[in-house]
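Student: 3D model of this:
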Amino acid sequence: MKKEEDDLTIINEKEKKYINEIQDFEQYWYLGERFQFNEFAGYTNAPFNSNTLNISKKGFRGKEVTFKNINNTKRIGFFGPSGLIGIPVNNDDQTITSFSNQFFKNEDDKFEAIDFGVISSRIGIETRLITKILIEYDLDIVILLSGYNDFSSYVLGSLWDYQDVKDIYEDGFILNKNSANFKYFIKRIFKSILRKNEIKKANKLSKKNFRGAEKYFRAKRSQKIYYLTLPDVIKEGTELYLSCLMQIASLCNYKKKEFIFIPQPNLFTSKKKFSRYELASFRKQNNIFGADENLQKSRIEKFQKSYDNFILKCMEHDKDKKFTILDVDREINKQTENQDIFYDESHYFENGNKIIGETISKYIIKEFS
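Tutor: Okay, here's the model as predicted:
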């Protein structure tokens, strides 16, 4: 019990530095809209404005970006999930793309990094979004930082989309099917009332306790995962992921764009010497695999094995020059236990974002100046 209390104390003390960032993210993610419709890609982030977290009307973190390149720079499109976007402890100037741009500004201002990250994205939407963005925007280089969301989901038996995203798609088709069914809309009213009450409860918890709404919804999710009995789909998932990577590589080759793939660094497979905070976070703050310790341990081991195997397969394609794989973990692993890099299993403090952003920028300048 002492160790558990120590872990929570370490986490709580660290988070005091990021109260504004975490509260803004909680308002957006747990009490807000989350997503908006996007043709072909399916969805992007919902627009949001606050002191620390700003998402544009098009659904991407930061300022509005023009379709055409008006700055006479080489534009680099960054794609990936929430780890790329920089939540929940990073303000707008502390994301991976922000640090990448800061480095370019100091070293070589011919390049510009643009954030096209989407929270909860997996390889399916990332493939579609890259396809659409390459048609709409002037880009020279495509960077995809990804992998964690997919392989952690394969371990839990989810091959295609997260359930909350899948529900949105299914609800749309069910609504269309029942557009003339009065009873269906009566049921929807009752569902809306239940949802409204749930949000009201979460709002009260948010005002009463720091991270109150987040802890409420994460606890509910953790219980669902505990009872999840689906078999893993790691074999099928690996095939799916590599197939999508090949599609992106082929598209970029067709469009004469450079494609760089970065396997997403995460707390489970990192070889870094963990700080006290990171060890505490590993033990207490990751609930992606459920709350039961024994089940969680076996699922983490499955994830580690499958993720390492996947990266080895990616490196085979790198040798064939189908795409470039950039290992940013190498730089992260050099950091000492005095450095907090990982906030939780798949998100980073500003130190982590800076290392990733600068590693990418150094590679870009070296290869494409």
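
Student: where does this structure dip in pLDDT?
Tutor: Across the chain, the ranges flagged by pLDDT under 70 are 1-5, 221-229, 285-287, 318-319.

Student: mind listing the strands for it?
Tutor: 35-38, 42-45, 74-79, 111-115, 141-146, 258-263, 324-325 (DSSP state E).

Student: closest one to Phe185 among those strands?
Tutor: Phe185 sits nearest to strand 35-38 of all the strands of the chain, at 20.8 Å, using C-beta to C-beta. (C-beta placed from N, C-alpha, C; glycine too.)

Student: still on that earlier bit, so of the strands of the chain, which one's packed in deepest?
Tutor: Among the strands of the chain, strand 141-146 has the highest mean neighbour count (mean count of other C-beta atoms under 10 Å), at a mean of 25.

Student: for that one, packing partners?
Tutor: Other elements packing on strand 141-146 under the criterion 3 or more C-beta pairs under 8 Å, 6 or more residues apart in numbering; DSSP states H and E are strand 74-79, helix 123-136, helix 234-254, strand 258-263, helix 350-368.

Student: send me it as PDB with only the CA atoms.
Tutor: The C-alpha atoms that make up strand 141-146 are tabulated as PDB, following Å, rounded to 0.1, in the frame of the first residue of the first chain:
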ATOM      1  CA  ILE A 141       7.500  15.500 -47.200                       C
ATOM      2  CA  VAL A 142       5.100  13.100 -45.300                       C
ATOM      3  CA  ILE A 143       6.000  12.000 -41.700                       C
ATOM      4  CA  LEU A 144       3.900   9.400 -39.900                       C
ATOM      5  CA  LEU A 145       4.500   8.800 -36.200                       C
ATOM      6  CA  SER A 146       2.200   5.900 -35.400                       C
END
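
Student: identify the residues contacting that strand?
Tutor: If you take C-beta atoms under 8 Å, 6 or more residues apart in numbering as the criterion, strand 141-146 is touched by 74-81, 83-84, 96, 121-123, 126, 130, 134, 248, 252, 257-264, 356, 360, 364, 368.

Student: that strand versus helix 123-136: what angle between them?
Tutor: Taking axes from the mean of the first three to the mean of the last three C-alpha atoms, to 10 degrees, one finds strand 141-146 and helix 123-136 inclined to each other by 160 degrees.

Student: distance between strand 141-146 and the chain's centre?
Tutor: 13 Å (C-alpha atoms, centre = their mean, to the nearest Å).

Student: partners of that strand in the sheet?
Tutor: Strand pairing for strand 141-146, using DSSP bridges, gives strand 74-79 (parallel), strand 258-263 (parallel).

Student: what's the angle from the last one to helix 234-254?
Tutor: This points to strand 258-263. 160 degrees.

Student: how about strand 258-263 as CSV, C-alpha atoms only?
Tutor: Below are the C-alpha coordinates for strand 258-263, written out as CSV (Å, rounded to 0.1, in the frame of the first residue of the first chain):
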residue,chain,number,x,y,z
GLU,A,258,9.3,11.7,-49.4
PHE,A,259,7.8,9.3,-46.8
ILE,A,260,9.3,8.9,-43.4
PHE,A,261,7.8,6.5,-40.9
ILE,A,262,8.5,6.7,-37.1
PRO,A,263,7.3,3.9,-34.9
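
Student: and for that strand, what's in contact with it?
Tutor: 140-147, 245, 248-249, 252-253, 307, 310-311, 314, 323-329, 356, 360, 363, 368.

Student: give me the buried subset of these.
Tutor: Neighbour counting by 16 or more other C-beta atoms under 10 Å classes 140-147, 245, 248-249, 252, 307, 310-311, 314, 323-326, 328-329, 356, 360, 363 among these as buried.

Student: would you agree Asn351 is in contact with Gln339?
Tutor: Yes. Judged on C-beta atoms under 8 Å, Asn351 makes contact with Gln339 at a distance of 5.7 Å.

Student: returning to what we had before: distance to Tyr184 added to the strands paired with strand 141-146, as CSV?
Tutor: What follows is the strands paired with strand 141-146, written out as CSV (distance: least, C-beta to C-beta, whole Å):
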stretch, distance to Tyr184
strand 74-79, 37
strand 258-263, 44
